[in-house]
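> Need a 3D model of the following:
(chains A and B)
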Amino acid sequence: MSLHLEIVTPKGSVVDVEVSEVALPGKLGEFGVLDGHIPFLSALKPGVVRYLEGGEWKQLAIGSGYAEVGASRKVLVLTQSHARPGEIDLGETEKELADLEAQLKAWSGELTVEHQELLDGAAWAQARIDARKASSHN
Amino acid sequence: MPSLKAIRKRIASVKSTQKITRAMKLVAAAKLRRAQENILAARPYAVKLHELISELALRADFEDHPLLAHREPHRVLLVVMTSDRGMCGAFNTNILRTAEKYLRENKANHEQIDLSVVGRKGRDYLRHRHYEMKSTFPGLDIPGALEESKQIADGIIEDFLGDNLDMVYLLYNEFKSAMSQKITVEQLLPIVPLELDDGGAAIDFVYEPDKQTLLETVMPMYVHVEVYRAALESMASEFGARMTAMENATNNASDMIGALTLQFNKARQAAITKELLDIVGGAEALK
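Okay, here's the model as predicted:
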């Protein structure tokens, strides 16, 4: 039995495949979805989506968003951004993350929108690094 | 009658203008296609988000959530989408005229109407007429539109949640076809939930972390994508309008070249006739 996984971004559908298992970065921690899961809605934080397609684990970095596990074996993920491991330049992204973290450390002002943007940027960079590393392990 | 040389020069210059307008038309057509593809790509995302928000709002009675709450519209923000460049017919003029009309007609209804302008054409026009603008943004292009609209949306959300605004409207050209655009005023905030007909029949989901948090996560996403969608519509309209305008310009150049060529031939014929007359006259005098 399989699940239908679809990942949709403002730029269109990026993943639309049959999978046997999905792991998603929920706001309260990673959760796995197998066939027969109850209808479920969760907010997602930037992280790595892992899915088992044709016996092979695949990874995708996503930004924040939400996931809907429907009753009809369908997993729908809506997210603002995504990156495939193959498109991620590890060195470049690590530099970006270090830069953002330095800015965060030096932050002395109020916790405004700009601060939140730095946090989001750092989380997104971390997500891409994780996806890249996870995919090179196998 | 202008000299032969002057007419020839004129023809050459119209021809090179025609080359430019033709190239601009082709570029606009290519960009239009890309903008349309992007609109189609963004649609499922926007629709799905809107459905989810509507459903959450319905289920959880969150009508009092700030982004959904309908307040007395004392302070209104009008976001006007224009382009950076001209050469696109009445595209910018129409939208700016509508903005001015809106300001005139609604002045009495609201305490304050702020303007936020995207695109250099709009900014210059309104500045020239001494309108005060709360914020201005450079015009968007297709690759950067998503990032830019996120920033615009973030600013709007912050003002809205900070109680500086009660209502936000988007004013943009909606793309109908390359020939026609429809000027649209759309309420961005507070978010208008969809009328869900099958209120009770839908599946009852398990929510994580909870409905409130979920709603707070997805609402900004929705505002982002709405601004993005409006920006894409506006860009598609701009390219469509430019395509039509440049098509007309190219045709007009053809007509002009025709008329000038006729004038050139007439002038040449006149010169030949004159020379002949001179020769005949000279021969006559020698007899």
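> and A:L52, that's in a strand?
Yes. Applying DSSP: H, G, I helix; E, B strand; the rest coil, one finds A:L52 inside a strand.
> Just list the residues touching the nearest residue to it once chain neighbours are set aside, thanks.
Nearest residue to A:L52, sequence neighbours excluded (CB to CB, 6 or more residues apart in numbering or on different chains): A:E21, at 4.2 Å. Using the backbone N, CA and C atoms, a C-beta is placed for each residue, glycine as well. Residues in contact with A:E21 (CB atoms under 8 Å, 6 or more residues apart in numbering or on different chains) are A:L3, A:G32, A:V33, A:L34, A:Y51, A:L52.
> Make a ChimeraX selection of the buried ones in those residues.
To isolate the buried members of the contacts of A:E21 in ChimeraX, using 16 or more other CB atoms under 10 Å in any protein chain shown:
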select /A:3,33,51,52
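> residues near B:H74, how many?
Number of residues near B:H74 (other CB atoms under 10 Å in any protein chain shown) recorded here: 12.
> Give me the nearest residue to it, chain neighbours excluded.
Closest to B:H74 by CB to CB, 6+ apart is B:E111, at 4.4 Å.
> So the one you found sits against B:L165, correct?
No. Applying CB atoms under 8 Å, one finds B:E111 not in contact with B:L165, separated by 11.3 Å.
> so what sits against both of these two?
B:R75.
> If you count surrounding residues, which of those two has more?
The residue with more neighbours, out of B:E111 and B:L165, is B:L165; 22 against 11, by other CB under 10 Å.
> Now do the phi/psi pair for B:E226.
Backbone torsions for B:E226, taken as degrees, to the nearest 10, come to phi -70, psi -40.
> is it true that it touches B:V47?
No. Contact between B:E226 and B:V47 fails when scored by CB under 8 Å: they sit 11.2 Å apart.
> Looking at these two, which one has more neighbours?
B:E226 (22 against 13).
> Any stretches of the chain with poor pLDDT?
The chain I'm using is chain A. Applying pLDDT under 70 to chain A flags the ranges A:1, A:113, A:137-138.
> Chain B is the one I meant
Scanning chain B for pLDDT under 70 picks out the ranges B:1, B:60-64, B:196-203.
> List phi and psi for the residue nearest to B:H74.
Dihedral pair for B:E111: phi -70, psi -40, per degrees, to the nearest 10.
> any idea how far A:G54 is from it?
As judged by CB to CB, to the nearest Å, B:E111 and A:G54 stand 61 Å apart.
> got the phi/psi numbers for the residue of the stretch 51-200 of chain B found nearest chain A?
The minimum distance from the stretch 51-200 of chain B to chain A, using CB to the nearest CB, falls at B:E158 (5.3 Å). B:E158 adopts backbone torsions of phi -60, psi -40, taken as degrees, to the nearest 10.
> What of B:N173?
phi -80, psi 120.
> Could you report the neighbour count for it?
B:N173 has 28 neighbouring residues, counting by other CB under 10 Å.
> Who are the contact partners of it?
Here B:N173 is in contact with B:81, B:91, B:94-95, B:181-184, B:233-234, B:237-238, B:241 (criterion: CB under 8 Å, 6+ apart).
> How about the most centrally placed residue in chain A, nearest residue that isn't a chain neighbour?
Nearest to the mean C-alpha position of chain A, by CA atoms, centre = their mean, lies A:I62 at 2.8 Å. Nearest non-adjacent residue to A:I62, counting by CB to CB, 6+ apart: A:T79, 4.3 Å away.
> At the contact with chain B, which residues of chain A appear?
With CB under 8 Å from any CB of the partner chain as the criterion, chain A comes near chain B at residues A:8-13, A:26-28, A:31, A:38-43, A:64-66, A:68, A:70-71, A:76, A:78, A:80, A:113, A:117.
> Brilliant, that's me finished.
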